[in-house]
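Enquirer: Sequence plus the predicted model coming up.
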Amino acid sequence: MFRRHGLSVFAVVIAAFILLPVIVIASYALQADGALWQHLLDTVLNEYLVNSLLLLLGVGMGVLLLGVPTAWLTSMCSFPGRRWLSWALLLPLAMPAYIIAYTYTGLLDFAGPVQTWIRDLTGLGYGDYWFFEIRSLGGAIVMMSLVLYPYVYLMARAAFLEQSVSSIEVGCSLGYSRWRAMWSLALPMARPAIITGLSLALMETLADYGTVQYFGVSTFTTGIFRTFYGYGDTAAAAQLAASLLAFVMLLVLLERYSRRRARYHSAAESRARADLIPLMGSKAFVAVVLCTAPLMFGFIIPVTQLLLWAVFEAESLGWDFVSLAWNSFSLAFLAAIIVVALAIILSYAKRTKPIKPVRTVIAMAGFGYALPGTIIAIGVLIPLAWADHSLIALFENFGWDNPGLILSGSLVALLFAYTVRFLAVALGSVQSGLEKIKPSLDHAGRSMGHSPLAILRKIHVPLMRTSILTAVLIVFVDVLKELPATLILRPFNFNTMAVRAYELASDERLVDAAPASIMIVLVGLIPVLMLHASISRRRPH
Amino acid sequence: MNLINKLILSAVTASLLSVTTAQAGDIVNVYSARKEALIKPLLDEFSATTGVKVNLITGKADALLKRLQVEGSATPADLFITSDVGRLHRAKEAGVLKPVALPLLEMAIPQALRDSENYWYGLTLRARPIIYAKDRVDVAQLSTYEALAEAQWQDRVCLRSSQNVYNQSLVAATMDAIGTEATQSWMEGMVNNLAKSPSGGDTDQLKAVAAGVCDVTIANTYYLARLINSSKPSDQAVASKLAVFWPNQQGPGAIGRGAHFNVSGAGFTKYGKNPEQAQALLEYLASVPAQAWYADINNEYPVVAGVEISQALKGFGDYKMDPIDLEILGQNNRQAVQLMDRAGWK
């Protein structure tokens, strides 16, 4: 029994562990009394819901508009600057949403240099002229779209690049124009990847607290924090979080249902690249503008502003920055390896034996991504502290020294929390990579007597190298930017760059937060560049 | 791959090393909701003079409180430090603190600024008066917090969000002074007078007043003092347009109760393993040099008499403070947030 289902059982056990904090939160929710709910319902909940939905809608449109056309242009067309734009478009990924929000507020707020300059120049006072109010729902949508579109871009581009060229060529030989082929073939074929990127961006949007809180936009997540911080009511906060989760589950199920019969691996053997569509004159110009705009607003402008602050105005980080950078880097690196390894095991278990229990737990294991880090941290803390207490009791039984909180008080708690929070990211990328490999390859490997593990190692991993690297990159950068869970769960005297940037920014010293923010971006660039190097080694284009 | 293997190895080693944070010995473990920059220098100074090593985790008060609760009897923490009294009270209610009588501190710190049962002690005072634009507001128009609800302030008020604990404590204190209903209609009036929807921090409200978005706000004085002391011309320009008004200074009863104050403070955890070191640290934080440091570096008012305050604070003038027992702010906190929701204070 175990021999036949060993991998499946193993996967279910792993997924159950990862689900544990989510279950803790859900069961916590059952303890809440209805009184606070009633109060929220009577007063603020309505506004929170409307704002959250508008935010989701806005960011959803934003990331699609920024991510899909740029992915198409850089993978299918040739125009000046395409090569460096194709990786530079990833750069905003390294920028945490709360930091880009602080930065643009510093620039565009009524007290910022732009508006002050307008007032000085024209002699107008505040209110005499119209200016985009950055601290608003619209501002939050723009900020989040600018830093979250790379999820869509990355996934869509990988899909376009891995699409078998022959499908498109068949389309063209049947009389489709190139553009028609894109709309009718390439885009629908890339749909799972685009949806994966979109859902990552939207889940991140739902979990965001820093940006909306700073902009004074009350969303559902603000509500969770209000019940936790304002009312000190963990159970009610857990209840709100659980309803957020239910909403996400519903969306995921709907999307699954809508493509229940579709298959996305291609039957063709040829993985040759089509010739790029050359763009000339005004078309090339439009392409360049379309691809540089997100880069400009999502990276170059905010980074320049941060650099100016860091160099000319901020208190310098001092030698502290070496340990901060090392803590951030090693933590993110370790977490990325763990999370992606787990994602590969889970996806592979599902592929070899797509039985219902496996599919269900894997689908659920990714839900942590939609939960705010603080809530996940509590969900992690409770079972780990319980395990610690049991360990301590055990040690006392044997008359040994008290080991202390070796799980909940160490980096184990942090790594666990990152796994729960970011597994969805890795799963998305790895699964969409696996989906594109034909099952017949597995059968061939089996018939040659290879074990599933050998097939994974010899066939799948090399074929989905890009997907795996993409997963590592995104988890690395996400952990680097992660704040709320890190803040609660870190051990004594352990700081990261995100923690430092947050502490200064929340003490209303935005300018002094700039050096740490810049460091986050710079360290985040390392894997972006590594990913680029690795992909371009494989594809000379 | 070799490089990657090495990286993994050293990352694992680093994480294992950080696990071995000692629990006992000549150390004291602190959970602090005060930011690292606003406490670490004092802790370092304490370590240098006493030889006691201080381990620190900073974070949001409620999150640290949750961690204390979950860790229970196994918690390594000895001291819990917060930047507002509401959270100290919440920690006391949650049963994670223990009462410790410290005769030295009971003599030095006034009764209203510490817990009546010795669960926590206030360490610094933070004033939250009205701050106004000098060129657009005639001081004679200003009188009390309550008066900011009057029609003359239509579209002239900026307020920070009600998510902010300083505002929650202000409302909690007002509830005690003028009653729940009057507090709610006061807030409704102020919300009605808002020039813009609440966003940003205290400094952002100050900048908004200076830029002409609104004419008055309510903010903690150390944010204004920080702008005054800033080396940046743009900060000084903001500060030069602003002045402090101490509300509720005269009149009968609640009207003349005095300006609103809050404390940052600390309490002993119930299951702390290093009570002596924790006591030494707390006494150090209330000592004259430490109090002078708070006053000098972060422009907070000392809780101990006879400590010199900073030039900027002196410039704000003398004031009468609301003598309310600060425990009440904690007791009223939850109801205050509900009232704010009802009044539409975002």
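Expert: Looks like it arrived, so ask away. Numbers count the residues shown, from 1 in each chain, chains lettered A, B, ... in the order given.

Enquirer: mind checking the SS state of A:His443?
Expert: helix (DSSP: H, G, I helix; E, B strand; the rest coil).

Enquirer: Tell me how far it lies from A:Ile455.
Expert: According to CB to CB, to the nearest Å, A:His443 stands 10 Å off from A:Ile455. C-beta: built from backbone N, CA, C; applies to glycine.

Enquirer: could you list every residue that touches A:Val380?
Expert: A:21, A:408, A:413, A:416-417, A:420, A:485, A:489 (CB atoms under 8 Å, 6 or more residues apart in numbering or on different chains).

Enquirer: switch to 7 Å and redo it
Expert: By CB atoms under 7 Å, 6 or more residues apart in numbering or on different chains, the contact set of A:Val380 is A:21, A:413, A:416-417, A:420, A:489.

Enquirer: Excluding covalently adjacent residues, which one is nearest to the residue in chain A that chain B sits nearest to?
Expert: Proximity of chain A to chain B (CB to the nearest CB) peaks at A:Gly216, 2.9 Å away. Among residues not flanking A:Gly216 along the chain, B:Ser199 sits closest, at 2.9 Å (CB to CB, 6 or more residues apart in numbering or on different chains).

Enquirer: repeat for B:Lys53
Expert: B:Ile27 is the one closest to B:Lys53 (CB to CB, 6+ apart), at 4.5 Å.

Enquirer: My read is that the one you found contacts B:Val52, right?
Expert: Yes - here B:Ile27 reaches B:Val52: they are 6.4 Å apart, a contact under CB atoms under 7 Å.

Enquirer: hey, what's in contact with both of the two?
Expert: By CB under 7 Å, 6+ apart, the residues touching both B:Ile27 and B:Val52 are B:Gln277.

Enquirer: between A:His443 and A:Ile455, who's got more neighbours?
Expert: A direct count of neighbours by other CB atoms under 10 Å in any protein chain shown for A:His443 and A:Ile455 places A:Ile455 higher, at 21 against 11.

Enquirer: What count of nearby residues applies to residue 300?
Expert: In the absence of a named chain, chain A is used. For A:Ile300, the tally of surrounding residues (other CB under 10 Å) stands at 14.

Enquirer: Correction: the question concerned chain B.
Expert: 27.

Enquirer: Report pLDDT for residue 169.
Expert: Just so you know, I chose chain A. A:Glu169 carries a pLDDT value of 68.

Enquirer: look at chain B instead
Expert: On pLDDT, B:Ser169 comes in at 94.

Enquirer: now it: how far from chain A?
Expert: According to CB to the nearest CB, to the nearest Å, B:Ser169 and chain A sit 12 Å apart.

Enquirer: Surely that residue and B:Ser83 touch.
Expert: No - here B:Ser169 does not reach B:Ser83: they are 10.8 Å apart, not a contact under CB under 7 Å.

Enquirer: intersection of neighbour lists for those two?
Expert: With CB under 7 Å, 6+ apart, B:Ser169 and B:Ser83 have no common neighbours.

Enquirer: need the contact list for B:Gln141.
Expert: Here B:Gln141 is in contact with B:Gln152 (criterion: CB under 7 Å, 6+ apart).

Enquirer: mind showing which ranges of the stretch 251-400 of chain A have poor pLDDT?
Expert: Residue ranges of the stretch 251-400 of chain A with pLDDT under 70: A:259-275, A:317.

Enquirer: what ranges do the strands span in it?
Expert: Assigned by DSSP state E, counting those that start in this stretch, the strands in the stretch 251-400 of chain A fall at A:277-278.

Enquirer: near chain B, which residues of it show up?
Expert: When proximity is defined as CB under 7 Å from any CB of the partner chain, the stretch 251-400 of chain A approaches chain B at A:313, A:330, A:333-334, A:337, A:374, A:378, A:381-382, A:385, A:388-389, A:392.

Enquirer: Can you select the buried ones from these in PyMOL?
Expert: The buried residues among those can be selected in PyMOL (16 or more other CB atoms under 10 Å in any protein chain shown) with this line:
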select buried, chain A and resi 313+330+333+334+337+374+378+381+382+385+388+389+392
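
Enquirer: So which of the residues of the stretch 251-400 of chain A next to chain B sit within helices?
Expert: Using DSSP state H, A:330, A:333-334, A:337, A:374, A:378, A:381-382, A:385, A:388-389, A:392 are the members of those that sit in helices.

Enquirer: returning to that earlier point: out of the contacts of A:Val380, list just those in strands.
Expert: Assigned to strands by DSSP state E, none of the contacts of A:Val380 qualify.

Enquirer: how about TSV for those residues, with neighbour count, pLDDT and distance to A:Ile277 added?
Expert: Formatted as TSV, the contacts of A:Val380 follow (neighbours: other CB atoms under 10 Å in any protein chain shown; pLDDT from 0 to 100; distance: CB to CB, whole Å):
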residue	neighbour count	pLDDT	distance to A:Ile277
A:Pro21	26	91	48
A:Ala413	24	93	51
A:Phe416	27	95	47
A:Ala417	28	95	45
A:Val420	28	94	43
A:Leu489	30	91	49
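
Enquirer: tally of neighbours for the residue of chain A closest to chain B?
Expert: Neighbour tally, A:Gly216, other CB under 10 Å: 22.

Enquirer: Kindly state the neighbouring-residue count (a burial measure) for the residue of the stretch 101-250 of chain B found nearest chain A.
Expert: The nearest approach of the stretch 101-250 of chain B to chain A comes at B:Ser199, 2.9 Å away (CB to the nearest CB). The local packing of B:Ser199 (other CB under 10 Å) involves 26 other residues.

Enquirer: quick one, what contacts it?
Expert: A:135, A:215-216, B:161.

Enquirer: Just the ones of the residues you listed in helices?
Expert: Filtering the contacts of B:Ser199 for membership in helices, criterion DSSP H, returns A:Phe215.

Enquirer: nearest to B:Pro247, of the contacts of B:Ser199?
Expert: Relative to B:Pro247, the closest of these is B:Ser161; by CB to CB it sits at 20.7 Å.
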